[in-house]
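Colleague: one predicted model, sequence on top.
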Amino acid sequence: MKSRFQRFVGYVFRERWTLVSLMIINMIGFFIGIYYYMDEFAVHPSFIWVIVADCPLAVLLFSWVCYLYLRGKRIPNLLLFFTSVYMIKYGLWTLSAIYLYWNHYLSGMDQIIAILNFILHTGLILEGVALSGKVKMNRDNTLMVIGMVLLNDFFDYFLGTLQNMPSTHVGTLMIESFAVSIALPLIIYLSARRRKRSHYRSPSR
């Protein structure tokens, strides 16, 4: 029997109106994010923009996943896995950054933007969690996703693609980021394995 979470996931990715709504919302988020990252793009070569634009890439991939579901296309498990991890990881990172740098946002408009970012990135996490329910158990995909997000962390913290911010809490964010890059794919893999086992388990009488 499917869990309540699995029934919810099935509804979200089966109903046309939810897919269309999520696709539109996330595409709007993508363009807002690109505008927000324009200063970052200006100081990095174009061939690494895909690494610089963390959250915009996450919502763009999610919009693409929604589009593929709308078209009834087969979606590679690696794409589902990577998109889910990326959304949750950078949603958590942004919430952590806002919390740690709250004093930085105390002036009027900056505070409003920080609150809006907090709400929007909470939504990013929830979308990623919902998408994780579609990920199938695959050890190779798990290792590949871990490798890809760790590579992004390496670029951010050792090659300078991290967005411009005061250095006060960068060390804390780095530890959080590397830890999530390893732990989150493993958690999603284990959840997928548990769902697979429960699917084949005979119902108790």
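Modeller: Here it is on my side, so go on. A quick note: this is a predicted structure, and the numbers were derived from the prediction, not measured. Numbering: from 1, shown residues only.
Colleague: low-confidence stretches in this structure?
Modeller: For the chain, residues meeting the criterion pLDDT under 70 lie at 1-2, 107-109, 199-205.
Colleague: buried sites along the biggest helix by length in it?
Modeller: Longest helix in the chain by number of residues (criterion: DSSP state H): helix 170-200. Across helix 170-200, burial judged by 16 or more other CB atoms under 10 Å covers 170, 173, 176-178, 180-181, 184-185, 188-189, 191-192, 195. Quick note: C-beta positions are derived from backbone N, CA and C, even for glycine.
Colleague: just checking, what packs against it?
Modeller: Secondary-structure packing of helix 170-200 (3 or more CB pairs under 8 Å, 6 or more residues apart in numbering; DSSP states H and E): helix 77-100, helix 139-158.
Colleague: buried stuff in the first one?
Modeller: By neighbour count on 16+ other CB under 10 Å, the buried set for helix 77-100 is 77-78, 80-98, 100.
Colleague: can you redo the helices and strands packed on helix 170-200 as CSV with distance to Ile32?
Modeller: Below are the helices and strands packed on helix 170-200 laid out as CSV (distance: least, CB to CB, whole Å):
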stretch, distance to Ile32
helix 77-100, 13
helix 139-158, 21
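Colleague: so which of these gets nearest Leu60?
Modeller: Leu60 sits nearest to helix 77-100 of all those, at 9.3 Å, using CB to CB.
Colleague: quick one: the helix or strand just after the closest one to helix 170-200, angle?
Modeller: Later in the chain than helix 77-100, the nearest helix or strand by DSSP states H and E is helix 108-132. Interaxial angle of helix 108-132 relative to helix 170-200 (axes from the mean of the first three to the mean of the last three CA atoms, to 10 degrees): 30 degrees.
Colleague: Phe82 versus His44, what's the distance?
Modeller: Computed as CB to CB, to the nearest Å, the His44 to Phe82 distance reads 22 Å.
Colleague: can you check Ile48 too?
Modeller: Separation of Ile48 from Phe82 (CB to CB) stands at 18 Å.
Colleague: who's in contact with the one residue sitting closest to the centre of the chain?
Modeller: Closest to where the C-alpha atoms of the chain average out (CA atoms, centre = their mean) is Met87, at 0.6 Å. Met87 makes contact with Ala58, Val59, Leu61, Phe62, Leu124, Ile125, Glu127, Gly128, Leu131, according to CB atoms under 8 Å, 6 or more residues apart in numbering.
Colleague: quick one, what contacts the third one?
Modeller: Just to be clear, that refers to Leu61. By CB under 8 Å, 6+ apart, the contact set of Leu61 is Leu79, Phe82, Thr83, Tyr86, Met87.
Colleague: rerun at 10 Å
Modeller: Asn26, Phe30, Leu79, Leu80, Phe82, Thr83, Ser84, Tyr86, Met87, Leu131 (CB atoms under 10 Å, 6 or more residues apart in numbering).
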